[in-house]
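Peer 1: Here is my input, please return the structure:
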Amino acid sequence: MRAKLRNELQEYIERYTKNIQELITVKRRRGIPQWKIDEVKRLKELIKKYRTIGLINIEGVPTKQFKELRGLVSDKVYIKVTKNNLLEIALREVSLPNVDEFVKYLRGPTAVAFTNLNAFELKLLLDKTKVKREARPGDKVTSRIVVPAGNTGIPPGPMISVFGKLRIPTQVR
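Peer 2: Model (predicted):
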């Protein structure tokens, strides 16, 4: 009787765990989209073709300025915007050294710069193309901004509302 109960219990446990495993296992209904496979293939070719790969954080960069950047450096640098996961897959498939170190910087909107310049020349080239622009609502501040007290020389009017949005106390004298 004990053996019979033990066998029934064992069968129940096996059926139960099989059902749970089927529930836990997520099956992909469709295959990997062809465009993703093609993109990884193109990225692998670019990684093999160029000796330097750089990452450019393009968060908050207007499309117009980004196109200008591409135009300015197009003779020396090929810039491509792609999905971070696809770039990571391509890097791992090419088996480059220190991929984990490189991948940790793949956060947010990122463009990839492919070039045969060395890394220092690439950095200098990209620094030369930097363009300043006015801050917009939603932009992230990368350094501390200090507005000293005193006369700004700006006439009262619409600028007071701009300072108000930035939570800068104003006073009209």
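Peer 1: Could I get the pLDDT score of the spatially most central residue of the chain?
Peer 2: By Cα atoms, centre = their mean, the chain has its centre lying nearest to residue 108, at 2.8 Å. Per-residue pLDDT puts residue 108 at 90.
Peer 1: Mind checking what secondary structure it has?
Peer 2: coil (DSSP: H, G, I helix; E, B strand; the rest coil).
Peer 1: show me what contacts the residue nearest to it when sequence neighbours are not counted?
Peer 2: Among residues not flanking residue 108 along the chain, residue 59 sits closest, at 5.1 Å (Cβ to Cβ, 6 or more residues apart in numbering). Heads up, the C-betas are built off the backbone N, CA and C, glycines and all. Contact analysis of residue 59 by Cβ atoms under 8 Å, 6 or more residues apart in numbering lists 108-109, 140.
Peer 1: quick one on the thing from earlier: go ahead and confirm the residue nearest to the centre of the chain touches residue 55.
Peer 2: No: in this structure residue 108 lies outside contact range of residue 55 using Cβ atoms under 8 Å: 10.4 Å.
Peer 1: Need the phi and psi values for residue 81.
Peer 2: Main-chain dihedrals, residue 81, degrees, to the nearest 10: phi -100, psi 130.
Peer 1: Can you get me a residue count around the nearest residue to it once chain neighbours are set aside?
Peer 2: In space, and not counting its chain neighbours, residue 81 is closest to residue 111: 4.8 Å by Cβ to Cβ, 6+ apart. Counted with other Cβ atoms under 10 Å, the neighbours of residue 111 add up to 17.
Peer 1: Sweet, I'm off.
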